[in-house]
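Visitor: 3D, please:
(one chain, ligands or ions: 1)
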Amino acid sequence: MSDSVSTQHTFCRVCHASCPLEVDVQFGRVTAVRGVPDDPIFAGYTCIKGRQLPDQMVHDSRLRAPLHRRPDGTFEQVSSGDALDAIASELRRIIDTYGPRAVASYTGTGGYQNALAVPAARAFHQGIGSSSFYTSVTIDQPAKGTAPFRTGIWEAGYHNFTGADVLLAVGYNPMVSSFGPTGGLQGTNPFVVIRDAKKRGLKLIVIDPRRTELATQADIHLAVKPGEDPTLLAGITKIILDEDLIDHEFCDRWVGDLDRLAESVRDFDLEYVARRCDVPAHDIVAAAQMFAKGNRGTAGCGTGPNMAPHSSLAEHFVIVLNTICGRVNREGDEVESGFFLYPDMPRRAQVIAPRNPTPGPAARFRNLHGMRGEMPTTTLAEEILTPGEGQVRALIVSGGNPVVAWPDQELTIRAMKDLELLVVVDHRMSATAEFAHYVIAPTLSLERADVPHLMDRWFRAPYTNYTEAIVPRLGDVLNEWEVFYELTKRLGVPLPFPGGAAPTDHQPSDDEILELAYAGSRMSLAEIKNNRMKVHPEKSLRVQGPDPDCSAKFTLAPADIADELAVVRTESDAAEAVGASSAEFPFRLVSRRLKHVLNSLGSELPGLAVKGTTNPAYMNPDDMADYGIADGDIIEITSPRASLHAVVETAPDIRRGVISMAHSWGGSSLTDEKVRDIGAPTNRLVSVDQGYDRVTGMVVQSAIPVRIRIFESVK
Ligand code: SF4
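Guide: Next up, the predicted model:
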């Protein structure tokens, strides 16, 4: 191991923005991390989370070997070989006893920061013949995947952010989350990008109950009442239709039911929408006109509306706005991102006809079905707890923390305790790992090869990057794919990727598995490896003309959407969607992210812990004064389902009647004794079967109706 300092290039995988990094390595350890000023799209951008990587790699809390839970509940260290032998033997017993569907896996947000974690989990399920594949997508923004199937899909995609002269951003804040919907502002150097876009004349409309970092840049900020985005977007649609601001030429050719759309929003008149959303009517009109009169640029929803009631409706209406205003890529346009890691697909300026968005196997609850090859996580706790054909008995959790993330914490904990086998792949003893039979210690990002598989389709340029492992592994740790590989080997079944099954005659490398998982991609892995941090203007995707015989059209008011919209119109407000009354639960708890952590990941690191060790309940100062609450007080927050404790922090950027809290904090205690040290999980407040989305099963995890009282005063 060299004692001289070497400097290498890699990219960060704490969140999916994939910022390029320059790292110094000495004695096999990372000693310093910097951005890369020469990078053509990030220009040196990083955030505080990524700069803590040297600490994360060696922190005391990092697991460096697998653990096995003894009968008395304590854990003992075991070798990875012994752990995998025992896990495989239990899986074989469970499959033989109950059938393959009894074996489930769940990949959480952490797993998405590894290009091989999700493909390997999928391949594992194919190998053993189990449909019980779950991810965090179905408790985050599943309507993003389903809504386009119901309306029809524009094959060439909607407008890019680059070149947009107007942007309507609904409930997302890429300055903190590093995420934007397709066509929106992404987390690649977002502060500079938005400043430059504003300089060139971009008009920005933000819909958010908070004056977020993005909202401070807005030309119009509609501080909507939480949960009322579908009403507001239906109202904006009605204004655009009534004022005849649509793209007629486009709609005449490609939209099949404009009349039915107009009929479906008929009752969302301005006076009603303004009152229900608590937004000035003239601002709504100005926002509708500003969006419709732009030439290029899209509307897009983030986590806020996707976690609130009627999430499919919110996603539906941004598609409607983009469609009726003709914000689609036309023949000859360039597609912004490169899609280099995926097979070449036609990009014709035409509609792919609507189809069933949830064609997967039936879940056993709420008449829900699988979507995009995975099952709805909102039913998984019940799939575990409910006896009968298809009951889940074994669960492998990869890069996730169900106890603080799945809706309904109490139900989730019961499910974790009920499993015959729980395996958690995590680098720390999470709240879920406490219940595991085995905890597998994974490699951390700088110990594995990778590609930016998510951003490949969201980068605002056709850009490629790759990293090899930068440092040797610390301890008996496994890359996530290796866990599934070793288990299938022991079970005697293949681990099939698009490019073929993982070889068993030798131990494959990360690169070999990347080749198999991304086989048939537009650019080969070998070429990507030779083109790190590079933009390829000559390889950008260009939109072709439509097939002459293409007769498909958008359906913008399918019957179930029109029915759901009619239901919304009968509700007094969004609280009614979860069966609550605003008189009893006058506040709305909304979800948010914090700058210094991804969910609660990283809160143990000293450089981040100084920013706070809890997920505060941010409140408007006038609300605090009304309740006699001071900064630092602990309040009890009660929903129709449960209560939690939270430390209050003043936030003038939040409208009255709203409490804003980050999700996925806290531990496995249901009584929050350590709320000042570890926070509390908002998942405890929600029910899986109240106000859920009928298409996706998405549970209401934001705009939750709550009431509050002081629990502990600092005075
Ligand atoms: S924005 Fe995300 S990828 Fe970039 S440095 Fe921060 S955590 Fe890492």
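
Visitor: switch to C-alpha atoms for all contacts and neighbour counts from now on
Guide: Fine.

Visitor: pLDDT weak spots in the protein?
Guide: Within the chain, the stretches with pLDDT under 70 are 1-2, 596-603.

Visitor: Can you give me the domain assignment for it?
Guide: With domains defined by automatic domain parsing, the chain comprises 6-58, 67-131+361-446+475-521, 143-341, 574-712.

Visitor: The ones you listed: which one's closest to the ligand?
Guide: domain 6-58 (3.7 Å; Cα to the nearest ligand atom).

Visitor: Give me the longest helix you can find in the chain.
Guide: For the chain, the longest helix by residue count, based on DSSP state H, is helix 80-98.

Visitor: one step back: among the domains of the chain, which is nearest Ala469?
Guide: domain 67-131+361-446+475-521 (5.5 Å; Cα to Cα).

Visitor: Would you tell me which residues of this protein are close to the ligand?
Guide: Counting by Cα under 6 Å from any ligand atom, the chain comes close to the ligand at 12-19, 46-47, 49-50, 178.

Visitor: any idea how far the residue most central in space within the chain lies from Ala299?
Guide: Centroid-nearest residue in the chain, with Cα atoms, centre = their mean: Asp140, separated by 5.0 Å. Distance check for Asp140 against Ala299: by Cα to Cα, to the nearest Å, it reads 19 Å.

Visitor: How about Pro230?
Guide: For Pro230, the distance to Ala299 - Cα to Cα - is 13 Å.

Visitor: Which parts of the stretch 151-300 of the chain are helices?
Guide: 174-177, 190-199, 229-242, 248-254, 258-264, 270-277, 281-293 (DSSP state H, counting those that start in this stretch).

Visitor: could I have the fifth one exported to CSV, CA atoms only?
Guide: Extracted in CSV, the C-alpha atoms of helix 258-264 (Å, rounded to 0.1, in the frame of the first residue of the first chain):
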residue,chain,number,x,y,z
LEU,A,258,-60.1,17.6,-25.4
ASP,A,259,-63.9,18.0,-24.9
ARG,A,260,-63.9,15.5,-22.1
LEU,A,261,-60.9,17.1,-20.5
ALA,A,262,-62.8,20.5,-20.5
GLU,A,263,-65.8,18.8,-19.1
SER,A,264,-63.8,17.1,-16.3
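
Visitor: could you say what helices and strands that helix packs with?
Guide: helix 559-570 (3 or more Cα pairs under 8 Å, 6 or more residues apart in numbering; DSSP states H and E).

Visitor: redo that, cut-off 7 Å
Guide: Contact partners of helix 258-264 among helices and strands, from 3 or more Cα pairs under 7 Å, 6 or more residues apart in numbering; DSSP states H and E: none.

Visitor: which of the residues in it are buried?
Guide: Neighbour-count burial for helix 258-264, with 16 or more other Cα atoms under 10 Å as criterion, is recorded at 258, 260-262, 264.

Visitor: try stretch 349-362
Guide: Here stretch 349-362 shows 349-354, 357-358, 360, 362 as buried, counting by 16+ other Cα under 10 Å.

Visitor: now swap in stretch 661-679 and tell me
Guide: Those would be 661-670, 672, 675-679, for stretch 661-679 by 16+ other Cα under 10 Å.

Visitor: Equivalent analysis for stretch 450-457, please.
Guide: Buried, per 16+ other Cα under 10 Å, within stretch 450-457: 450-457.

Visitor: Just list the residues touching the closest residue to Met375 other than its chain neighbours, thanks.
Guide: Spatial nearest neighbour of Met375, chain neighbours left out: Tyr134 (5.4 Å); criterion: Cα to Cα, 6 or more residues apart in numbering. By Cα atoms under 7 Å, 6 or more residues apart in numbering, the contact set of Tyr134 is 105-107, 374-377.
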